[in-house]
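Peer 1: I need the structure of the sequence given here:
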Amino acid sequence: MIKESQIKKNLKGFSFPRLTGTKFELNAFNKVKQEVESLGLEYEVQNFTFSTFYSRLYPKIAFSLGTLIFFLLYLYRYMIISWIFIFISMGIIIVSFILTRKPEKIRFIPKLTSQNLLVKIKSKSNEASNTNRIAMFISHLDSKAQKFKIQIRIRIIKVWIWSAIILGIITVIKIIVLLRFEIIFYIIGLNPLIPNIIASIMIILNTTDNSSDGAVDNASGIVCNLELLNYYTLPENRLANYNMWFLFTGAEECGTMGARYFLNNLKGLDVDISMIFNFESITETVFLFPGGREKKHALDINNLLLNNKRDLTIRHHPTNRILGTHSDGGFLGDHGFQGYGIGGVEAHSYMHTEHDTVDKVNTDVLTKLCWVLTDSLKEHDSKFFN
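Peer 2: Below is the predicted model:
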């Protein structure tokens with residue numbers, strides 16, 4: 001049975017600072033492991049190392065060097081020296097960009113350790129037990145706090161991008177078309193240049209620490225994952241046509257490193273016939289974030305979730321990712337996985353801040369969500385394959 005009392009208990013138990021790669025994240029992992037062991041289930045531990053370069057340093061380098069390039073082009077003075085700095089800056093940006101295509105392979109700037117925990121439960125049907133059709137639930141274990149909350153960070157990035165576009169257009173016109181009127185363009189160019197510089201400074205100042213309890217992001221997801229694991233531990237609750245996987249990832253808040261390690265070592269899952277559900281920061285409302293490649297079986301689940309009979313309003317979000325954010329579901333969706341991120345947009349007011357506390361999470365909503373998922377999967381399992 002799915003119980004709100006158990007969800008409340010686990011929510012309090014997992015609401016503590018657990019910064020990626022620290023003993024606090026390891027403590028959260030050990031708590032999940034103990035819960036799994038108490039259910040008598042086998043599990044797989046995936047240990048990995050990673051660098052903080054991609055998540056914490058690369059954005060500061062890319063945006064600040066980008067601003068420097070625009071500034072030098074805006075000045076258009078001492079161009080031999082300026083072009084030397086421009087080419088050096090562009091070289092650093094290009095090398096960094098190439099490195100971050102596979103950030104899990106970066107082996108410099110502080111290296112930390114983390115771990116995933118994966119539980120596999122076979123279906124009722126012996127025939128399905130040997131297939132690659134999987135229904136997988138995902139939640140990340142780590143939390144973080146940052147100087148600026150996510151809504152401000154998104155606005156900073158938008159300001160930088162738009163100011164850079166405008167400044168680039170003005171600079172090109174000034175240099176190529178109307179050089180003799182450059183004083184006018186110097187004055188006009190200040191309007192996008194100043195916001196661009198301020199945005200870069202704010203990106204540099206946006207430090208990461210361990211001051212958030214992470215109740216919304218992502219203890220809310222951990223407790224849903226654990227409650228569903230507990231439910232499907234009982235043989236009578238299992239699906240006939242899907243094996244069930246439950247993945248608890250580490251280092252999500254440092255560039256989805258746990259999900260990347262999982263994908264790079266994945267065996268026994270066919271993305272075309274499987275589904276994933278990634279729990280990510282649930283407070284008072286529930287949104288579905290599509291992966292973008294859903295086929296008939298995933299769309300059937302989508303319809304059942306949206307039209308559930310548990311008096312839970314679930315809304316459909318148009319994209320799988322919000323600018324400036326990372327999630328395990330978004331990352332796996334970009335790599336062909338079908339399914340949905342499950343979260344709430346109002347959570348952005350609390351995520352990555354010291355205000356991300358237990359009182360922001362509605363456990364009645366979490367309880368209904370777990371029931372909706374079990375109802376929908378059961379109905380889908382019984383009708384879709386007949």
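Peer 1: now do T249 against L269, distance only.
Peer 2: According to Cβ to Cβ, to the nearest Å, T249 and L269 sit 15 Å apart. (C-beta placed from N, C-alpha, C; glycine too.)
Peer 1: out of those two, which sits in the busier spot?
Peer 2: Using other Cβ atoms under 10 Å, the more surrounded residue of T249 and L269 is T249, with 27 against 17.
Peer 1: got the contact list for the nearest residue to the more buried one once chain neighbours are set aside?
Peer 2: Nearest residue to T249 in three dimensions, chain neighbours excluded: G258, at 3.2 Å (Cβ to Cβ, 6 or more residues apart in numbering). The contact partners of G258, taken as Cβ atoms under 8 Å, 6 or more residues apart in numbering, are Q46, F48, S114, Q115, N116, H140, L141, T249, G250, A251, E252, D328.
Peer 1: give me the sheet partners of the helix or strand harbouring the third one and which way each runs.
Peer 2: It stands for S114. If you go by DSSP states H and E, S114 is part of strand 111-121. Using DSSP bridges, strand 111-121 pairs in its sheet with strand 44-51 (antiparallel), strand 243-249 (antiparallel).
Peer 1: and it, what's buried?
Peer 2: Within strand 111-121, the residues that qualify as buried are L112, S114, Q115, N116, L117, L118, V119, K120, I121, counting by 16 or more other Cβ atoms under 10 Å.
Peer 1: for that strand, give the mean pLDDT please.
Peer 2: Strand 111-121 shows a mean pLDDT of 95.
Peer 1: output that strand as PDB, nothing but the C-alphas.
Peer 2: In PDB, the C-alpha atoms belonging to strand 111-121 read as follows (Å, rounded to 0.1, in the frame of the first residue of the first chain):
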ATOM      1  CA  LYS A 111      37.500  15.300  -9.000                       C
ATOM      2  CA  LEU A 112      34.800  13.900  -6.700                       C
ATOM      3  CA  THR A 113      33.200  10.600  -6.200                       C
ATOM      4  CA  SER A 114      29.500   9.700  -6.200                       C
ATOM      5  CA  GLN A 115      27.300   6.700  -6.800                       C
ATOM      6  CA  ASN A 116      24.000   5.500  -8.300                       C
ATOM      7  CA  LEU A 117      21.800   2.800  -6.800                       C
ATOM      8  CA  LEU A 118      19.700   0.700  -9.200                       C
ATOM      9  CA  VAL A 119      17.000  -1.800  -8.200                       C
ATOM     10  CA  LYS A 120      15.500  -4.200 -10.800                       C
ATOM     11  CA  ILE A 121      12.200  -6.000 -10.200                       C
END
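Peer 1: strands of this protein, start to end?
Peer 2: Secondary structure of the chain (DSSP state E): strands at 44-51, 111-121, 134-140, 145-146, 208-209, 243-249, 275-280, 286-290, 314-316, 339-343.
Peer 1: which other residues reach the longest one?
Peer 2: What it means is strand 111-121. With Cβ under 8 Å, 6+ apart as the test, strand 111-121 has contacts from 20-21, 25-26, 29, 32-33, 36, 41-52, 142, 229, 232-233, 238, 243-251, 254, 257-258, 261-262.
Peer 1: just the buried members of those residues?
Peer 2: Counted by 16+ other Cβ under 10 Å, the contacts of strand 111-121 give 20-21, 25-26, 29, 32-33, 36, 41, 46, 48, 50-52, 142, 229, 232-233, 238, 243-251, 254, 257-258, 261-262 as buried.
Peer 1: and the closest residue to I203 other than its chain neighbours, how many neighbours?
Peer 2: Sequence neighbours aside, F63 is the residue nearest to I203 in space, at 4.9 Å (criterion: Cβ to Cβ, 6+ apart). For F63, the neighbour count with other Cβ under 10 Å is 23.
Peer 1: what about this protein, any weak spots by pLDDT?
Peer 2: Residue ranges of the chain with pLDDT under 70: 77-78, 126-131, 177-182, 292, 319-325, 386.
Peer 1: quick one, domains of it?
Peer 2: The record's domain split for the chain, according to automatic domain parsing, is 4-51+110-146+209-384, 56-102+149-205.
Peer 1: mean neighbour count, these: which tops it?
Peer 2: domain 4-51+110-146+209-384 (a mean of 20; mean count of other Cβ atoms under 10 Å).
Peer 1: and of the contacts of G258, the nearest to L190?
Peer 2: Closest approach to L190 among the contacts of G258 (Cβ to Cβ): E252, at 39.9 Å.
Peer 1: how close does the closest residue to that closest one other than its chain neighbours sit to I150?
Peer 2: Leaving aside its sequence neighbours, E252 sits nearest to H140 (Cβ to Cβ, 6+ apart; 3.3 Å). The gap separating H140 from I150 is 15 Å, by Cβ to Cβ.
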